[in-house]
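Asks: this is a predicted model, with the sequence first.
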Amino acid sequence: MKKLSVFFAIIFGMMGIVRADEGMWLPMFVERLNYVDMQKMGLQLTPEELYSINNSSLKDAIVGLSSSDKPRGFFCTGEIVSDNSLLFTNHHCGYSSIAALSTVEHDYLNEGFWAKSFSEELPAFGVTASFLVRMEDVTNEVLSVVNDTMSFMQKNQAIQQKIAELEDAASEDGKLNPVIKGFFEGNEYYMFVYKTYTDVRLVGTAPQSIGKFGGDTDNWMWPRHTGDFSIFRVYADENGEPKGYNEDNKPLTPKHHLPISLDGIQPDDFTMIWGFPGSTERYMTSYGINYNVDVFYPIVYEVFKAETDVMDEYMKIDKAVNIAYADNKAGLANTWKNFEGQIKMLRKNKVAERKAELENEFMNWVNANEDRKAEYGDVLSILEAMYAQLSETSDMLYYPNFLSQLGPIAKSAEFMKYYDVTTDKEASKEEKLAAAEALKEINVEEMFLDQDARVEKDMLVAVVNIYSNKFAAEELPEGLQKLLKQHKGDWEALANDIYDNSIFSTQESINAFIEKPNAKKMAKDPAFVTLQALMEQIYSIVPAYRMANIAIAEANHSFVKGLRELYAETQPDKVLYPDANSTMRMSYGSVKDYQPADAIHYDYVCTANGILEKYIPGDFEFDAPERLLKLIEAKEFGQYANEDGELITCFLSTNDITGGNSGSPIMNGKGELIGLAFDGNWEAMSGDVNFEPTLQRTINVDIRYVLFIIDKFAGATNLIDELDIHKAMPEPIRVEEE
């Protein structure tokens with residue numbers, strides 16, 4: 001047993017339970033689990049100042065950003081930095097709102113925007129800000145409705161019903177937004193109660209040549225020189241309660257806002273990040289990793305990369321297209337580069353092999369006891385078999401699915417119900433007339449909003465070409481085989497026919513069809529026939545795909561349950577942290593450099609000099625505003641320079657973060673804002689599955705660079721005046737008397 005315990009001390013070290021800078025911790029447990037470590041590293045706040053449900057605390061300055069008034073998760077994090085609820089987040093978090101507010105005449109994406117007063121601030125429709133009121137453990141209540149006689153699906157159904165009851169009871173008649181989520185693969189449950197504000201307004205943004213400097217090339221890379229920040233404000237009614245956009249609304253008076261430090265950072269300084277990390281999979285088995293690396297990620301990478309390549313081609317030459325596709329392209333590009341990095345680094349860092357070692361030891365522990373064999377003996381073999389089943393079905397699911405979401409094919413899906421009813425021999429005349437009448441409710445103009453026909457057609461051709469290389473003709477659905485035969489086997493000719501001749505290619509042709517709908521005409525339409533064939537292909541494997549995923553979920557639940565038992569037995573003094581799931585977490589670490597490879601060393605900071613070095617006039621990614629270049633060349637940094645007179649743009653820390661943490665505040669031991677977290681690093685792209693302590697770093701934009709852009713570049717001193725800025729006085733030089 002001693003040998004086994006020693007092994008697990010090593011193995012669990014790669015799962016997030018040994019190093020202080022690993023783990024995304026629930027705030028309600030900070031005092032019990034993390035506080036002593038944090039104090040030793042440099043934290044100067046009390047547990048009550050970090051998290052309290054009765055008094056103002058740091059958690060009250062942390063905001064979850066969503067597009068819903070009842071969010072169950074958050075796409076980014078923001079932080080409140082003034083008594084008037086000024087909110088800082090990343091530029092890429094505000095990107096969608098900035099793009100939506102931009103026009104050719106007022107191109108805020110490329111020119112920037114700075115409100116000089118409350119009245120100039122612009123409503124960011126579609127963005128909401130949620131504050132955590134409290135969280136509580138509801139594991140016993142949720143699991144009280146299940147028993148061992150139930151199947152896994154029956155348990156899930158009962159659990160979801162109980163969750164709905166508990167959430168409704170805690171909502172205070174809709175005033176609050178309670179969300180209950182499972183942890184450790186459904187072995188624990190916690191409720192998070194939020195107050196969500198729907199009136200959020202854009203206050204300031206630098207041009208994307210600053211906020212997105214480096215573009216996709218620099219994404220996840222170090223060194224970094226991106227001013228990744230944007231500024232919003234939260235508004236409320238006269239009582240400080242949530243209310244939709246209204247001119248009478250006032251800036252919310254927050255319970256807490258973060259002061260800002262200009263003292264800068266040094267190696268090994270304590271850092272903590274609070275926010276809403278989206279998802280990690282630290283308990284994923286080797287089978288799941290191999291499926292992602294070999295099957296799923298390559299599919300998504302191939303399709304999304306092809307689509308963004310087409311967008312790039314037109315965005316570079318057409319300002320209107322650049323604005324229209326900016327948000328969509330950013331999301332797709334971020335995904336494909338993320339998956340590219342994960343493919344490379346999961347392999348390079350041998351994560352699957354290391355997980356396999358853990359699985360072997362887990363089975364040795366299981367097989368040493370008959371009761372454990374009965375409960376956990378088949379868990380890993382089930383996971384192996386079900387991931388193999390996913391591998392067999394994924395091409396048939398994902399490629400047709402992605403193709404069905406493009407151009408006229410996607411638009412034709414809006415008319416599927418009409419076609420089904422009209423061609424149903426058992427449907428009544430009244431039902432068919434009602435189906436035709438319902439077509440008039442379709443918002444055709446919205447279907448074409450922010451779309452350029454050239455871009456849409458070329459994307460369709462690109463993805464059709466990908467699809468054509470994945471399946472032999474005999475593997476295709478019958479309808480697609482017939483269409484292809486009509487086009488003499490030429491896939492590109494088929495794609496052109498879809499776009500050039502389909503009813504669903506233009507607003508005019510769709511509107512004409514709605515006026516005189518005709519199911520027989522639909523039945524011959526190349527886009528609709530293609531959609532039907534793709535759906536046939538997808539539906540043929542959906543049962544097997546769903547069954548595999550249900551079995552994987554059940555096996556993962558058991559595997560993590562067993563791991564926790566094993567760990568409790570072998571190292572009872574250590575605590576496992578749960579995977580991220582878009583709930584508030586805290587991580588802590590320190591400022592630190594790293595060595596990505598032999599003979600290569602990366603410093604912990606970047607300076608504005610790097611902007612001059614990377615600058616390429618007129619380049620899509622590395623252009624920079626003339627005013628910024630002149631300020632850097634003249635070193636006109638003011639109070640935002642460091643002790644050497646340089647302007648730090650970004651810095652590294654060892655904090656454990658993931659997607660959703662974008663925009664999170666990174667703070668010093670006093671709880672002062674020193675930067676905004678915005679990225680991870682390329683060499684540790686495997687970090688969502690396995691924390692890499694020697695490699696994994698968070699990339700943060702330095703708060704001094706943020707303030708420099710607001711103040712010196714934009715001249716938005718009204719915003720600087722609103723902030724609570726701290727700077728320590730220099731230590732006096734002591735001269736000893738002789």
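Replies: Nice, I can see it.

Asks: ok, for the residue positioned nearest the centre of the chain, nearest residue in space, not its chain neighbours?
Replies: Of all residues in the chain, the one closest to the mean position by C-alpha atoms, centre = their mean is residue 659, 4.1 Å from it. Nearest residue to residue 659 in three dimensions, chain neighbours excluded: residue 278, at 4.4 Å (C-beta to C-beta, 6 or more residues apart in numbering). Bear in mind the C-beta positions are built from the backbone N, C-alpha and C, glycine included.

Asks: would you check how far apart that neighbour and residue 29 are?
Replies: Noted for residue 278: a distance of 20 Å to residue 29, by C-beta to C-beta, to the nearest Å.

Asks: tell me the mean pLDDT over the helix or strand harbouring residue 566?
Replies: Under the criterion DSSP states H and E, the helix or strand holding residue 566 is helix 526-570. In this model, helix 526-570 has a mean pLDDT of 95.

Asks: and residue 717, what does it touch?
Replies: Under the criterion of C-beta atoms under 8 Å, 6 or more residues apart in numbering, the neighbours of residue 717 are residue 711.

Asks: tell me how far it lies from residue 634.
Replies: In this structure, residue 717 and residue 634 are 19 Å apart, going by C-beta to C-beta.

Asks: still on that earlier bit, tell me what the helix holding residue 566 is packed against?
Replies: Using 3 or more C-beta pairs under 8 Å, 6 or more residues apart in numbering; DSSP states H and E as the contact criterion, the elements in contact with helix 526-570 are helix 2-11, helix 152-169, helix 351-367, helix 370-376, helix 379-404, helix 407-412, helix 478-486, helix 491-501.

Asks: just the helices in the stretch 551-700 of the chain please.
Replies: If DSSP state H, counting those that start in this stretch is used as the criterion, the helices of the stretch 551-700 of the chain fall at 609-614, 626-633.

Asks: the closest residue to residue 432 other than its chain neighbours: how many residues sit nearby?
Replies: Beyond its immediate neighbours in the sequence, the residue positioned closest to residue 432 (C-beta to C-beta, 6+ apart) is residue 422, lying 5.2 Å away. For residue 422, the neighbour count with other C-beta atoms under 10 Å is 20.

Asks: you'd agree residue 422 is up against residue 436?
Replies: Yes: distance between residue 422 and residue 436: 7.3 Å, which falls inside the contact criterion (C-beta atoms under 8 Å).

Asks: and for these two, which residues touch both?
Replies: Among the neighbours of residue 422, those also in contact with residue 436 (C-beta under 8 Å, 6+ apart) are residue 517.

Asks: show me what contacts the closest residue to residue 535 other than its chain neighbours?
Replies: With sequence-adjacent residues excluded and distances taken as C-beta to C-beta, 6+ apart, residue 535 is closest to residue 404, at 7.1 Å. The neighbours of residue 404, taking C-beta under 8 Å, 6+ apart as the test, are 410, 413, 531, 534-535, 538.

Asks: same thing but 10 Å
Replies: Residue 404 sits next to 410, 412-413, 463, 530-535, 537-538 when contact means C-beta atoms under 10 Å, 6 or more residues apart in numbering.

Asks: circling back to that earlier point, if you count what's nearby, which of residue 278 and residue 29 comes out ahead?
Replies: Under the neighbour definition other C-beta under 10 Å, residue 278 and residue 29 were set side by side, and residue 278 has more, 20 against 16.

Asks: checking the more buried one next. Helix, strand or coil?
Replies: Secondary structure state of residue 278, per DSSP: H, G, I helix; E, B strand; the rest coil, is coil.

Asks: thought it was touching residue 338?
Replies: No: using C-beta atoms under 10 Å, residue 278 is not in contact with residue 338, being 11.5 Å away.

Asks: circling back: could you dump the helices of the stretch 551-700 of the chain to TSV with mean neighbour count and mean pLDDT?
Replies: Compiled in TSV, the helices of the stretch 551-700 of the chain are given as follows (neighbours: other C-beta atoms under 10 Å; pLDDT from 0 to 100):
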stretch	mean neighbour count	mean pLDDT
helix 609-614	16	98
helix 626-633	15	98
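
Asks: in TSV: those helices, plus distance to residue 596.
Replies: Shown next, in TSV, are the helices of the stretch 551-700 of the chain (distance: least, C-beta to C-beta, whole Å):
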stretch	distance to residue 596
helix 609-614	17
helix 626-633	26
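
Asks: so which of the ones you listed gets nearest residue 358?
Replies: Closest approach to residue 358 among the helices of the stretch 551-700 of the chain is made by helix 609-614 (40.2 Å; C-beta to C-beta).

Asks: which strands and helices sit next to the closest one?
Replies: In this structure, helix 609-614 packs against helix 626-633, strand 648-653, with contacts taken as 3 or more C-beta pairs under 10 Å, 6 or more residues apart in numbering; DSSP states H and E.

Asks: burial of residue 600, as a residue count?
Replies: Applying other C-beta under 10 Å, we find 9 residues neighbouring residue 600.

Asks: do residue 549 as well
Replies: Counted with other C-beta under 10 Å, the neighbours of residue 549 add up to 13.

Asks: roughly how far apart are it and residue 295?
Replies: 14 Å.

Asks: what do the two both touch?
Replies: Overlap between the contact sets of residue 549 and residue 295, as judged by C-beta under 10 Å, 6+ apart, is given by residue 390.
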